[in-house]
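Chemist: predicted model follows, preceded by the sequence.
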Amino acid sequence: MLTRLAAFVADPANTFPAHTAEYVTLCAAAGTLAVLTGTALGVAVARRPVLAFVAINGSGLMRAIPVIAFLAFAIPYLGLGFLPSLIALAVLGVPPVLLNTCTGIRGIDPATIDAARGCGMTRWQIARRVQLPLVVPVIAAGARTAVVQIVATATLAAFIGAGGYGDYILSGLYQVDTTQILAGAIPVTLLAIVAEITLGRLQHVLTPAGLRTPGGEMRP
C-alpha cells in the first residue's frame with residue numbers, strides 16, 4: 001500500500017505538488033479571512049450586549065449548518081471554483097474567532113482598567129499595554145480552532161471545483177481506489193496536525209507569562 005501511495009504521489013501525471021499548492025492556498029486564504037472578519041465583528045459588538053448576544057448565538061447556529069450546505073448555497077451567487085470555496089470556508093471559521101473575541105473583551109475586569117487609569121495611563125496605553133495582551137491570546141485560541149476546522153473540511157470544496165486534495169478523495173471514492181483516497185486524506189491529516197501545533201505554539205507565545213498554566217494555555 002505504501003509503495004503504491006508513494007508511486008502515486010511521485011507520478012507527475014497526478015500533479016501532487018499543484019494539488020498541494022491549491023489546498024494550502026485555499027486554507028491559508030480562508031483562515032486569514034475568517035480571523036480578520038471574526039475579530040472585526042467581535043470588536044464591533046463586544047461592548048453592545050444586544051448585538052453581542054445576537055452575534056454569539058447566530059454564529060453558534062451557523063456552526064450547526066453542514067459545510068456542504070454553505071458550498072451549495074454559494075454556487076448560484078459566486079459560481080464554481082476558488083472564490084465560492086473561499087467564502088464558504090471563511091464563514092465556517094468566523095464563529096470561533098467571533099466568540100473568543102467577544103469573550104476576551106468582555107472578560108477584562110473593569111477594575112483592571114480603573115487601576116491602569118489610576119496609574120496615569122492614557123487610553124492608548126491602556127489598550128496597548130493592558131487590554132491587548134489579555135485579549136490577543138484568547139483570539140489566537142479562536143483562530144487555532146478556526147484554521148484547524150478549515151484545513152480538515154476544505155476537501156469538500158472539491159465538490160465545487162476548488163481542486164486540492166479533495167480531488168483525490170472524490171476520484172478515489174468514485175473509482176473505489178484506496179490509494180487515491182489515502183493520497184488526499186493523509187496530507188490533510190498531516191496539515192491539520194501542523195496547523196494545530198504551530199498555532200498552539202503561537203498562542204503560547206502570545207499569552208503573558210503570568211497568565212499561563214503549566215501546560216502553556218491561558219488561565220481561565
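Modeler: Received the coordinates, thanks.

Chemist: list the residues that contact residue 163.
Modeler: Contacts for residue 163 (Cβ atoms under 8 Å, 6 or more residues apart in numbering) come out as 19, 22, 23, 157. Every residue, glycine included, has its C-beta placed from N, CA and C.

Chemist: could you rerun that using 10 Å?
Modeler: With contact set as Cβ atoms under 10 Å, 6 or more residues apart in numbering, residue 163 has these partners: 15, 18, 19, 21, 22, 23, 25, 26, 81, 82, 85, 157.

Chemist: out of those residues, what pair is the most spread apart?
Modeler: The distance between the two most remote of these (Cβ to Cβ) is 18.4 Å, for 15 and 85.

Chemist: more neighbours: which of these two?
Modeler: A direct count of neighbours by other Cβ atoms under 10 Å for residue 15 and residue 85 places residue 85 higher, at 29 against 13.

Chemist: just the buried residues of whichever strand or helix holds the more buried one, please?
Modeler: Of the helices and strands defined by DSSP states H and E, residue 85 is found in helix 82-106. Judged by neighbour count (16 or more other Cβ atoms under 10 Å), helix 82-106 contains these buried residues: 82, 84-105.

Chemist: show me what that helix is packed up against.
Modeler: In terms of contact count using 3 or more Cβ pairs under 10 Å, 6 or more residues apart in numbering; DSSP states H and E, helix 82-106 is assigned the packing partners helix 16-45, helix 49-63, helix 67-78, helix 132-153.

Chemist: distance to residue 191, mean neighbour count and mean pLDDT added to those helices, as TSV?
Modeler: Output for the helices and strands packed on helix 82-106, formatted as TSV (distance: least, Cβ to Cβ, whole Å; neighbours: other Cβ atoms under 10 Å; pLDDT from 0 to 100):
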stretch	distance to residue 191	mean neighbour count	mean pLDDT
helix 16-45	7	19	92
helix 49-63	21	14	79
helix 67-78	17	15	77
helix 132-153	5	22	89
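
Chemist: ok, which of the ones you listed comes nearest residue 164?
Modeler: Between residue 164 and those, the tightest spacing by Cβ to Cβ is seen for helix 16-45, at 3.4 Å.

Chemist: report the angle between the closest one and helix 82-106.
Modeler: Direction vectors for helix 16-45 and helix 82-106, defined by axes from the mean of the first three to the mean of the last three Cα atoms, to 10 degrees, enclose an angle of 40 degrees.
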